[in-house]
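Novice: Got a predicted model here, sequence first, then my questions.
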Amino acid sequence: MEDYDKLMVGDQSTDGRIIIADKDRLCYLVKSGSKGSFSIRTISKQLLGEFIDYYRKNPNKKAEDARVELKELSDIDKYEYGYNATLTAMAKMVLDPKNELVRKGNPAESSRTENHLLKTTGLQQIYYGAPGTGKSKTIKDLTFGESVIRTTFHPDSDYASFVGTYKPITEEVDLRDCYGKKVIDDDTKEVVKEERIAYKFIPQAFLEAYVKAWKKLGSSKKQYLIIEEINRGNCAQIFGDLFQLLDRNEYGFSDYPIVADKDMQKYLEKEFEGWEITNKDEFNQLYGEANMVSLIMKGERLVLPSNLYIWATMNTSDQSLFPIDSAFKRRWDWKYVSISEGRDKATNAPLNWYINTGDKQYKWWSFISKVNELIGSLTNSEDKKLGYFFCKAKDGEIDADLFVSKVIFYLWNDVFKDYGFDDKDFQDEEGKILSFDRFYEDKNGKTNVDIAIVEQFLENLGVEEYISEEEDSDDSYDSYEKESDFELNNNNNSNSTSYDYTKYRVNGSSELLGKGKMALAVMEYLVNDKKETYSEILSDISRIINSKTDRIVIKVEDYPQWKEKYKNDKGKRWYDDYPLTTIDNVKFYFTTQWGKGNIQAILHLARTKGCTVESVK
């Protein structure tokens, strides 16, 4: 295959500005974008071959150089050389596909495609799933750093509250007498002011996002309109005639413009005053009207621009008052957010939340998994299951009060009430039903959560007990290493725990260190070799290790109070005889409470800072 014929239909440049729309024996049909607008161009393969040969010999030349040097060498229509930027981009796609080409279906390029390619399929998306799966958080993470306007639908939402309407407002005006003259204060000699009620067109979420998107179009920046709980409002009423705008063409603009009402026209004309759309002719041709751009700028036509992304969330378990009809659904891409274990965004480590009854702790993810099995078996439905973020833990802990008032209340009143409580999971040791009222007890006129009943339900489900990183960490790793042999040699159970005897050599030292002292040596390296400040040390810990920083790094002056606070911790978990001093003269202790579950995080921290750690089995 000749070089000039290697591009395939659907191929795109990494910046999303060039898309191969079609090809024949002689030509490519190319969508070429600039500042948010696309045009269709016919590029001859022979001319592309000339550009490929030119850039193979002159990789650092610019598009204008190619135009000047090549335009007199060919019998091809010289007008095509005006497409030198497009030809240059296509040539680089052929010559450097690894860095310049995105080919549909190539997994290796998926992240680049996500970041740079204008995707009409992602303009309107609804993220749906069980409550607590993190739908809003997913959108928040995906739109981080972008311009976002957020609104929430509810039963009282309507077109006016979503788009905009005239509303009474108070404004300060000059006070005038009965003859219309301004009233002057005798003392200050200034005009007296008064507040009056006036009516003004007030834009709401949709119009605010609409205007911002059009004004950003030339810069190729995105504007997001996020609708939370989209199925809790009457979408047909709320969107009204905007429904027609949701049909987008292949370039991301509304297929069918609509006429704005007079009040909206006045508002939009004022907002767009003095502002212009680039590539007017190409945009007008897209709609077959010579003055479509002018109509949009005057507010007489509404068209969703290609950089306006409308994303929404929907709980599948909500009892919607206004079902979404199929015509509305067809205009959205649907993204299912599954139930999965919560993970830290920075490290991807499990969050390890737990339910704390006071007497015991239970793994939250184990509970979610077990209770969802029960919900599935009883209801034969995914809608009522719980996501990991159904509850908001405080420092990883969900206390008994929160667990009963939010989780048990939901299960008993919204999930299981229609299926009865005959299953053994809902019975105590005597076979009596665990009705909702039994999760509370009255003592001395005060109502409290009955811990015994909570634990009974959790144990009925088979929820695993939780062991914190601190409890599971080496109680002074030296003692851990000494005792582990004894524990293994005296445990005849075939299921006994196997211990990790790995030692570590830091920065080529001949001394072999256990986990605790290895981590301490890494901290010494940051302090003594990297000359990090105390705040930089804290940043390292919070960024790399999924744990509470104040349990790991403690200033010397704060140590007595800290040690008293954690006096009941089992074993020695700190080096109170070995403080470190940072370059900004802050003395601190580095404790072993980072937890051996984070050993890989410690090793990663060392590598990123240039500290060599060699493991020795």
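Specialist: That came through, no problem.
Novice: Excluding sequence neighbours, find me the nearest residue to the residue nearest to the spatial centre of the chain.
Specialist: The chain has D141 as the residue nearest its centroid, 1.4 Å off, counting by CA atoms, centre = their mean. The shortest distance from D141 to any residue other than its chain neighbours is 6.6 Å, reached at K345 (CB to CB, 6 or more residues apart in numbering). Where you see a C-beta, it was placed from the backbone N, CA and C, and this is true even at glycine.
Novice: what helix or strand does the one you found sit in?
Specialist: With secondary structure defined by DSSP states H and E, K345 is part of neither a helix nor a strand.
Novice: Near it, how many other residues are there?
Specialist: If you count neighbours by other CB atoms under 10 Å, K345 ends up with 9.
Novice: Do I have it right that V506 meets M518?
Specialist: Yes - V506 is in contact with M518 according to CB atoms under 8 Å; the separation is 6.1 Å.
Novice: Overlap in contacts, these two.
Specialist: Listed as contacting both V506 and M518 by CB atoms under 8 Å, 6 or more residues apart in numbering are V613.
Novice: Name the SS class of I19, please.
Specialist: strand (DSSP: H, G, I helix; E, B strand; the rest coil).
Novice: Contacts only, for it.
Specialist: G10, D11, Q12, S13, V30, K31, G33, F38.
Novice: Tell me how far it lies from K216.
Specialist: 21 Å (CB to CB, to the nearest Å).
Novice: Please tell me how far the nearest residue to L512 once chain neighbours are set aside sits from T170.
Specialist: Counting by CB to CB, 6+ apart, L512 lies nearest to K503, which is 4.0 Å off, once chain neighbours are set aside. As judged by CB to CB, K503 and T170 stand 74 Å apart.
Novice: who's more crowded, those two?
Specialist: K503 (16 against 9).
Novice: In contact with that one: list those residues for me.
Specialist: L512, L513, G514, S615, V616, K617.
Novice: Please name the bridge partners of it.
Specialist: V616 (DSSP bridges).
Novice: mind checking pLDDT for it?
Specialist: Per-residue confidence (pLDDT) for K503: 84.
Novice: just E194 next, same as before
Specialist: 85.
Novice: Assumed it was part of a strand.
Specialist: Yes - E194 sits within a strand when classified using three-state DSSP.
Novice: That one bridge partners, please.
Specialist: Going by DSSP bridges, E194 forms beta bridges with V173.
Novice: sorry, back to before: any of the contacts of I19 buried? List them.
Specialist: Buried by 16 or more other CB atoms under 10 Å: D11, Q12, S13, V30, K31, G33, F38, out of the contacts of I19.
Novice: Where does confidence bottom out across those residues?
Specialist: F38 (66).
Novice: returning to what we had before: just the buried ones among the contacts of I19: which are in strands?
Specialist: Counting by DSSP state E, the part of these found in strands is Q12, S13, V30, K31, G33, F38.
Novice: Turn these into TSV, columns for distance to I368.
Specialist: Listed next are these as TSV, based on distance: CB to CB, whole Å:
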residue	distance to I368
Q12	40
S13	44
V30	50
K31	46
G33	45
F38	45
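Novice: any idea which of those is closest to S44?
Specialist: Proximity of those to S44 (CB to CB) peaks at V30, which lies at 11.0 Å.
Novice: which element follows the lengthiest helix in the chain toward the C-terminus?
Specialist: Counting residues, the longest helix found in the chain (DSSP state H) is helix 364-379. Downstream of helix 364-379, the next assigned helix or strand under DSSP H and E is strand 397-399.
Novice: roughly how far out does that next one sit from the chain middle?
Specialist: Here strand 397-399 is found 24 Å from its chain centre; the criterion is CA atoms, centre = their mean, to the nearest Å.
Novice: and that strand, what does it pack onto?
Specialist: Secondary-structure packing of strand 397-399 (3 or more CB pairs under 8 Å, 6 or more residues apart in numbering; DSSP states H and E): strand 354-356.
Novice: In the sheet, which strands lie alongside the strand it packs on, parallel or antiparallel?
Specialist: strand 361-363 (antiparallel), strand 397-399 (parallel).
Novice: Pipe these into CSV and attach mean pLDDT and mean neighbour count per row.
Specialist: Converted to CSV, the strands paired with strand 354-356 look like this (pLDDT from 0 to 100; neighbours: other CB atoms under 10 Å):
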stretch, mean pLDDT, mean neighbour count
strand 361-363, 92, 20
strand 397-399, 93, 18
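Novice: check contacts around A21.
Specialist: Neighbours of A21 in contact, by CB under 8 Å, 6+ apart: V9, L29, V30, K31, I40.
Novice: Closest one to S161 out of the residues you listed, please.
Specialist: Taking CB to CB as the measure, S161 lies nearest K31 of those, at 37.8 Å.
Novice: For the protein, identify the residue most remote from the centre.
Specialist: Outermost residue of the chain (CA atoms, centre = their mean): Y179, 60.8 Å.
Novice: Run through the stretch 51-200 of the chain and note the low-pLDDT ranges.
Specialist: The stretch 51-200 of the chain contains residues with pLDDT under 70 at 72-82, 104-121.
Novice: all strands of it, in order?
Specialist: Remark: strands assigned in the stretch 51-200 of the chain by DSSP state E, counting those that start in this stretch are 101-102, 124-129, 147-152, 164-174, 193-203.
Novice: For K222, find the nearest of the ones you listed.
Specialist: If we rank those by CB to CB, the stretch that ends up nearest is strand 147-152, at 7.1 Å.
Novice: Parallel or antiparallel, list what pairs with that closest one.
Specialist: strand 223-228 (parallel).
Novice: report the angle between the axes of the strand it pairs with and strand 124-129?
Specialist: Per axes from the mean of the first three to the mean of the last three CA atoms, to 10 degrees, the angle that strand 223-228 makes with strand 124-129 is 30 degrees.
Novice: pLDDT on strand 223-228, on average?
Specialist: 96.
Novice: likewise stretch 466-474?
Specialist: 53.
Novice: Stretch 518-536 now?
Specialist: Stretch 518-536 comes out at a mean pLDDT of 91.
Novice: From the rest of the structure, what touches that stretch?
Specialist: 504, 506-507, 509, 513, 537, 540, 555, 575, 578, 580-584, 586, 588, 590, 592, 594, 602, 605-606, 609-611, 613.
Novice: Thanks again, I'm all set now.
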